[in-house]
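K.L.:
here you go, sequence then predicted model.
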Amino acid sequence: MQKKWLARLYKNRQLVILVLLCLVFAVLLPRKFLTIGNFRNILYAISLQGIMICGATFPVLLAGIDRTVSGSAALAGAVCCTTIVSHGFSTGGTLLGVLLGIGVGLLSGVFHGLVLSRFNIPAFLLTLATSEILYGLVQTVTGNQLINVMNAKLFNLVGSSRILGVPVPVYILLACFLFTYVMLNHTVYGRHLYCVGGNREAAKLSGINVRKIIIVAYIVSGVMGALSGLVLSSMNQQASASQAKGYENDVLAAIVVGGVSLRGGAGTIQGAMFGALLIGILTNGLQLLGVASVYHDLIKGLIIIAAVAVDMYSSHKMSGLKRGSALRRMFRRHRHESQLKAGA
Amino acid sequence: MRQETLRRFISFGLLVLLLLVFGLTSSKFFTPANIYNMLRECSLVGILAIGVTLIIITGGNDLSVGALMGLNCIVIAHFLHYFPGMGLAPILLIAFATAMLGGAFNGFCVSILRIPDFIATLSTKFVFVGLMYVFAIHDRYGGLTTESIKDPVIKWFGGKIGSGPLDGLYYCTIAFFALAAVAQFVLKRTRLGTSLYAIGANRNSAEISGISFVRTKFAAFLISGFCTFVAALFFIGKTRTAEAGGGVGYEFRAISATVIGGCAFSGGRGDIVGTVIGVLFMRVLENGILKFGFPTETQQLLTGVVIVLMLIFDAFYNEFMTERSRRRGAMAREMAVIK
Amino acid sequence: EKNPYTDELRIAWIPTAATEANCTAWGNGIQREAAFWADVAIDVYDGEKNADKQVTLMNDCIAQEYDGIIIQTYNKATLTPAIEDAEAAGIPVVCINMASEAVCHGLVSMTDYEAGAVIANEIATALNGEGNVVVIQATPGAARGINLEAGFQDALANYPGIVILEEQAADWNMEKANTTMANFLTSYPDQIDAVFAHNDQMAEGAGMACQAAGVKDIIIWGANGETKALEYIEQGIITGTVYTDCYDQGATALRLLMMYIGSDIDISDWSKTPVIKMPPITVTKDNVHTITEDMRW
Amino acid sequence: MIVEMKGIEKVFSHVHALKGVDFSVRRGEVHALLGENGAGKSTLIKVLTGVYPKDGGEIVFDGKPVEIESRDDAFKLGIAVIFQEFSLIPTLSVTQNILLGKEKQKFGVLRKKAMRKEVAELIERFDFPLNPDDIIETLSVAQKQMVEILKALSTNARLIVMDEPTASLSAKESEMLYRIIAQLRDRGVSIIYISHRLEEVFALSDRITVLRDGHLVGVIEHDDIVPDKVVNMMIGKELSDATASRNLSVSSARTVLEVKNLSSLGKYENVSFEVKAGEVVVLTGLVGSGRTEVLRSIFSADRYDSGEILFEGKKLPKSTAKVIDRGFGLIPEDRRTQGFVPLLSVEKNVASTNYDTLSKHGFVLRRRERELGQRAVKIVDLRPANPAVPVGNLSGGNQQKAVLAKWLTRDLKVILVDEPTVGIDIGAKDEIYNFIEGLAKEGVAVLLVSSDIAEVLRVAHRIIVMKEGRIIHEFHEGVATQADILLAASGIRAERKEA
Ligand SMILES: Nc1ncnc2c1ncn2[C@@H]1O[C@H](COP(=O)(O)OP(=O)(O)OP(=O)(O)O)[C@@H](O)[C@H]1O
Ligand SMILES: Nc1ncnc2c1ncn2[C@@H]1O[C@H](COP(=O)(O)OP(=O)(O)OP(=O)(O)O)[C@@H](O)[C@H]1O
Ligand SMILES: [Mg+2]
Ligand SMILES: [Mg+2]
């Protein structure tokens, strides 16, 4: 058994990593980094992807993947904005637009859920292809033009206003996070989700409706994607044909960096959010330090590797499965080979 | 086994079907120029996909191949620009070292730091992209710029056979098929190949049988690194320049082709022949749809729809085959009982 | 040889990204012009913000024997071999916006370098030659960004009192520019006098960040002249932009191409690509009304 | 002594699995390693074979102290293993698996023909029904076990460790293995033999080492092997007497489950039987006779082609969830892949079948869930008695108990049990029989699939024998003996059941 404080440290290792990172930046950037305003900026910056993460974590927990969160976002934004424009920026049009936008995400989720729960298709590939379809539709809807909704005051409130000094998208992120947290930790659905992700056959034999679980997961993912698209359009007061493109990669990166296993059944939404925060704080800190943008990727990559390596190392250490690093074993084996030869 | 062979025929059949559809609807499809061009454009993805295939067979993934290829190109361009007197051979050697170091770094992260492949190569992708900016050619304002490379050898890599029966075939296509043949041989006829499958299908069992996870993964990533080097030569030959960020995105095309070709992310399945078919399928689709003159949005939509339909068909077919072999087995048993 | 007044023609239009509004506007300009000709079909191929993808598309178009190609190159070098190949195959190429190192039939140029210089002058004048500027850059390596930057810096060299505090890339992206600007405001509280963003989208993002932070009287310049930027200028959220008449450029490019298709000009002994340059149109609150509805995109 | 292990320690995060165990094997002996589930047998041999690093103690091989840090080290010393969990590569062929890690090659190229030939000879030598080119994932469990055995035997090792090699073999195939073991011993090879089938242990072994709770209990020399004594050493308590025959009787209780002319193409055909309340009906037969399929069909886990299933006179719905709702439960055949979610805790695994009572409006009642976990641990006497341990980290027997707990915490009407005691120690076996009998006493209808005749005789009220997907015999009255059942199962005394 390991020491108790070590065990506790290990259990909260992600938090520890975040705190350490913050400390480093706080020392490097006195009076700038550790301010309320700056943390508001960080949260605002990750809010969009954070909302996507809340949804996209579901399929990943099922050993699936949803690469269409960004496509759903773009299509929802496009549909919503064109509706608002065609209804002359009226309140009714805005509400209709929002509903249609969410509906788009719902439909995309239903489609993925139905197909992936029925057929044995790699989700990675399917959603890669369907995101092409979604972006094709976005292009059709927008005609590859910018759909401006500067005049939709109500709609733009979401992206531009603050409550108690905190931007509204951050509240939306918080709501999504809470929703996901409760879903995963306090509902029967969440329990079943982990069962299906951890062992589909056993889940089936326990009477769990596996198809339903899968379909709902993709619906949540699609709807949250759409929601983030609406927030994005509201923030930008605009829909464009290429908006949110590539965000799915950042979203998946955050989820996996946060310790959610691509093999399904393991990981938490808190972990996924940790991933998002890690990347968000890094970007913020590097910008505040004035590091040229061309070096951001390099530094981010190295720090993620370091963070995950520490995570992996401590988890192996704690499980007691393997002793020492593989590197050490590689060299040690060498020693023993000669020893064995000498013995023989 | 027989079922796998049949599946292979089916995916090949789909490719042929696609060729027929496009060939019959356009007179400009089956011209040698178009065929050689199609092969040329898929060769780069193909060369990368070979490395990716080996890694996916080990149950991993390599998201960094595109970036590493781009980095190799940038390194070549960098030294040609800043050290013009150096001569091409040492520069290529440096690029080769870069590729192998990149592969080794991936291998290090995956097997020694024990970071799951997906995260590791995602992060190294960031690292390689970052290094690209470091090595990129800077203009006098500190910004990045590009310039054409005049070196004849580099030009040669972008070239094609000038005469004979294969007049017009690009060198990169030859390299692709040669590399594919070698890789298929390695997979099926060497101990390394068996180890790759074993590590991918059941890591614990493989280790129990004395196969080293560390060494096998390392080997796979080194091969993948080597593939990025070869691809980089032809990539830079094709564009005769290198830009920071170039090549990024190729990894998804390579991975898609690999999975369409029958590799499973869970590991232990698939081979190079499948990957070659997958690469060709994607390319024919892309090129074929182009010539219908659809609006851009429809091109993208159609590509997606065709791939989705193909995936569903494939899944359907698999189910059908499983069911049929079950019924076959039943009949055989009944016969046995009657006897 | 084909006769552009009577024959059926297939022309390929390869923008760097079909999803960008300015590319669409160019495309529309090309289409408008095409309507005046007998039987011209324009096929649009999306370069997906990727120089290599454009090379692939060019090669496909050459293999499928298009009658002419209009391309907005992503950078000046990468497409050189592809354009050479096309010209060698007898397919005339006209570039929009960016010159290629290869000699081709023509270039209809948007004014990157000049626009950068114009903006530098505007900012310097407004600040009376004293003040701090931050720059929100394009994706590193993007040609337009490079040229804007060059023009901007060369012009600023005349104003020693103007200091560039920092430059960060926001990849043409509004959300990223918003975040970047917010971080600039944290880094340099009360020090920033002006912002130069490499395109309007990023200028709009910066404008919104300033608005959210409650910071007024920062001068914000973008470039392009898209509809929303013009409206933001009217509303005073951003200060100015350099407007590009994409419709006119697109139409000009096709007109040029048709002229070449109809002629038997041999360009093999040309040493330079002929250039048609569109002058920069500076837009601020004072003259934004001169960009009329039908010119906006 | 070929190997001596002294004072071996091994600690996992939740368990101190080996507490200073001494263990030694002589040259050319069959040495059995006995102990209850979770006693540490598998862990001990994993330490010996370099799968787990040891946390203390030393190993002396052939008189010289060695550090065994990887499988490779063990292999080089001449130690081969048949692991309890299969260690085969599902997507590779029989040949590739058997020669994995020791392929023949020439200039770095595999000599496929030579390898195939070698394996074919090996298969022939042991007369196993295998084809060298078959892909592992297409094989049955028993065939996989055979490949596993061949794999260990192909190394010409000096010490072979067998961790429950016969767990899924039929009697005939087991016999073959016993003969092989005898041959090996005569050639001077040492064998460490782990099994819960005590008869075979007593028949085979020269010496026995008994472990309990990670401690060494004692070593028994050949001449001192007395079954009762050994069993007492293992568990420290007397067992209810195992019978060699059993009195069967037709129950007069009401029929709960009725299966009529059930057929599934290629799996089984025209299967009809009924199970009454409080009755234990055993489906027996040789491995592969289609019993699992029947069970799964009843549970709606698989489709069937024709026939009908009645529950209390009414048609049983074709949905697992609804079947469970009616009061059914299933203990599946392969617990690892079907029985539980390895990453989840005991508590959550147990709860997975119980959310109808553990939730309100779709929300989990956390407290009740926790209580259930505690209760489950007590009901099945789980070790360690901690509901927060991931089930994947438990020993085989305790994993099975966790699966049992999933259903024992519900109100059952019918329980379908498939080979519940494969790889489970005799003490836990007894407990499981007690659970089954307890359920029957409460009026639950039990349908049990088993290939273990002792087990059949221990619990059955009625015995149905299947062969090649058909019911070929039914014992419903009088006395059934071991011999009767064996003869029936092998089809020697086949008589079709009256319709
Ligand atoms: N990988 C592991 N992680 C944590 N605990 C483990 C692990 N493997 C075994 N254990 C624990 O170590 C103890 C000994 O287990 P082991 O598998 O050696 O028992 P066994 O004697 O082989 O039992 P069985 O007869 O059921 O196979 C058990 O309590 C088990 O829960
Ligand atoms: N004689 C046979 N020849 C070929 N296949 C067979 C034969 N007998 C059974 N099978 C196949 O093997 C599988 C075994 O069936 P099933 O698992 O239901 O049998 P079982 O009696 O439960 O055996 P086990 O004890 O191994 O679980 C079935 O899917 C069937 O198709
Ligand atoms: Mg064991
Ligand atoms: Mg069975």
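P.N.:
Sure thing, it's come through. Ligands and ions are numbered 1, 2, ... in the order given.
K.L.:
element containing the residue found closest to D:Lys315 once you drop the neighbours it is linked to in the chain?
P.N.:
Excluding the flanking residues, the one nearest D:Lys315 by Cβ to Cβ, 6 or more residues apart in numbering or on different chains is D:Glu308, at 6.3 Å. Placement of C-beta: from N, CA and C, glycine included. Taking DSSP states H and E as the definition, one finds D:Glu308 inside strand D:306-311.
K.L.:
contact partners of that strand?
P.N.:
When contacts are defined by Cβ atoms under 8 Å, 6 or more residues apart in numbering or on different chains, strand D:306-311 is touched by residues D:256-263, D:270-272, D:297-298, D:315-316, D:326, D:328, D:413-414.
K.L.:
write the PyMOL selection for whichever of those residues are buried.
P.N.:
Selecting the buried subset of those in PyMOL, with 16 or more other Cβ atoms under 10 Å in any protein chain shown as the burial test, is done by:
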select buried, chain D and resi 256+257+258+259+262+263+271+297+298+316+328+413+414
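K.L.:
and the contacts of strand D:306-311, which of them are in helices?
P.N.:
Secondary structure from DSSP state H places D:297-298 of these in helices.
K.L.:
tell me which of the contacts of strand D:306-311 fall in strands.
P.N.:
Counted as lying in strands by DSSP state E, out of those, are D:256-263, D:270-272, D:315, D:328, D:414.
K.L.:
tell me the one of those residues nearest C:Gly68?
P.N.:
Nearest to C:Gly68 out of the ones in strands among the contacts of strand D:306-311 is D:Ser263 (Cβ to Cβ; 69.7 Å).
K.L.:
what about the closest one, distance to D:Tyr304?
P.N.:
According to Cβ to Cβ, to the nearest Å, D:Ser263 stands 7 Å off from D:Tyr304.
K.L.:
then D:Leu408?
P.N.:
From D:Leu408 over to D:Tyr304 (counting by Cβ to Cβ), the distance is 28 Å.
K.L.:
more crowded one of those two?
P.N.:
Comparing D:Leu408 with D:Tyr304 by other Cβ atoms under 10 Å in any protein chain shown, the one with more neighbours is D:Tyr304, at 22 against 19.
K.L.:
three-state assignment of the more buried one?
P.N.:
coil (DSSP: H, G, I helix; E, B strand; the rest coil).
K.L.:
which stretches of the chain have low pLDDT?
P.N.:
No chain was given, so I picked chain A. Along chain A, segments meeting pLDDT under 70 span A:1-3, A:315-344.
K.L.:
other chain: chain D
P.N.:
Checking chain D against pLDDT under 70 turns up D:13-14, D:85, D:235-247, D:250, D:287, D:490-499.
K.L.:
what residue lies at the spatial centre of it?
P.N.:
For chain D, D:Val422 is the residue whose C-alpha lies nearest the centre (Cα atoms, centre = their mean; 2.3 Å).
K.L.:
list the contacts for that residue?
P.N.:
Applying Cβ under 8 Å, 6+ apart, the residues near D:Val422 are D:167-168, D:333.
K.L.:
what about the residues you listed, which one has the most neighbours?
P.N.:
Result: D:Ser168 is most packed of the contacts of D:Val422 (other Cβ under 10 Å), 23 neighbours.
K.L.:
my read: that one touches D:Gln143, true?
P.N.:
No. Contact between D:Ser168 and D:Gln143 fails when scored by Cβ atoms under 8 Å: they sit 9.6 Å apart.
K.L.:
who touches both of those two?
P.N.:
If you check D:Ser168 and D:Gln143 against Cβ under 8 Å, 6+ apart, no residue is contacted by both.
K.L.:
SS state for the residue nearest to the centre of chain D?
P.N.:
coil.
K.L.:
for it, phi and psi?
P.N.:
Backbone torsions for D:Val422, taken as degrees, to the nearest 10, come to phi -60, psi 130.
K.L.:
separation between it and D:Thr292?
P.N.:
12 Å.
K.L.:
show me the common contact partners of those two, please.
P.N.:
D:Glu333.
K.L.:
and C:Ile276, what are its bridge partners?
P.N.:
C:Val108 (DSSP bridges).
K.L.:
Provide a list of residues in contact with it.
P.N.:
So C:Ile276 contacts C:106-109, C:252, C:256 (Cβ under 8 Å, 6+ apart).
K.L.:
buried ones among those residues?
P.N.:
Buried among these (16+ other Cβ under 10 Å): C:106-109, C:252, C:256.
K.L.:
show me the shaky parts of the stretch 1-150 of chain C.
P.N.:
For the stretch 1-150 of chain C, no range has pLDDT under 70.
K.L.:
residue of chain D nearest chain B, please.
P.N.:
D:Gly266 (2.9 Å; Cβ to the nearest Cβ).
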